[in-house]
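[1] Fold the stuff below for me.
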Amino acid sequence: NTNDSVGVPSNLISYQEAYDGDGYMGGVTYVEGVPTYRECFQHALAAPLTPGVTVYLSMMVSAGGFGNDPMSNSMRYASNGIGMKFSVQPHPNYLYWPGNVALYLSSVLNDTSGWVQVSGMYVPDSAYGYVAIGCFLHYEDITVLPLDPTGVVFAAYALVDNVCVSTNAADCPLSIGISELAQPL
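    This is a model prediction of the structure:
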């Protein structure tokens, strides 16, 4: 985009270079006092997953905060929980739906200057055709820490880049330091 609301590296929510390429995605992972509001995005897979066949998952994530208008858009919090889930049909909107998380970051994502790899393996139980990215944890399972004590947005936000879902382990790099293999919630 050519405006400063959603540009890279500077935008309303953050200042962050793309991990790879020219862009990234972002969404709200937590809102204080609003347990059902989260933002997620989804995409059709190139082919449905095969039940029982391991898939390798990875993505790069960064905390959103300190955007180009910090007086009105700085995130007060950082949270854990950014992750992936799969579905047979597309979800009807971009808002969160809980449970059945294939992969998520259990630690709080509070680094706004760099990217953190989240990766793992998942064995699907259905022929899922869609991947969704967001925070799908139940509200009481989200850990929240201060990010910007003067932030005026009482929420947490995560940036996501370089998403990989593949049956070939060589396609999706697995991290050494932070590897999140979650049991479905």
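[2] Tell me the helix or strand right after the helix or strand bottoming out on mean pLDDT in the chain.
    When the helices and strands of the chain are compared on mean pLDDT, DSSP states H and E, helix 70-73 comes out lowest with a mean of 66. Where DSSP states H and E defines the elements, the next helix or strand beyond helix 70-73 is strand 77-79.
[3] Contacts for that following strand, please.
    29-30, 32, 63, 65, 108-110, 135, 142-147, 151, 154-156, 158 (CB atoms under 8 Å, 6 or more residues apart in numbering). In this view, the C-beta of every residue, glycine as well, is placed from N, C-alpha and C.
[4] 7 Å - rerun?
    For strand 77-79, the surrounding residues in contact (CB atoms under 7 Å, 6 or more residues apart in numbering) are 29-30, 63, 108-110, 135, 142-147, 155-156.
[5] Walk me through which strands that strand pairs with, and which way each runs.
    Using DSSP bridges, strand 77-79 pairs in its sheet with strand 144-146 (antiparallel).
[6] Check the offset of the partner strand from the chain's centre.
    Relative to its parent chain, strand 144-146 has a centroid offset of 17 Å by CA atoms, centre = their mean, to the nearest Å.
[7] Sitting in strands, which of the contacts of strand 77-79 do you find?
    In strands, defined here by DSSP state E, the members of those are T29, Y30, A63, C135, V144, L145, P146, A155, A156.
[8] could these be laid out in CSV, adding pLDDT and distance to G114?
    As requested, these are exported to CSV (pLDDT from 0 to 100; distance: CB to CB, whole Å):
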residue, pLDDT, distance to G114
T29, 95, 18
Y30, 96, 20
A63, 96, 9
C135, 95, 20
V144, 97, 20
L145, 97, 17
P146, 96, 19
A155, 95, 21
A156, 96, 17
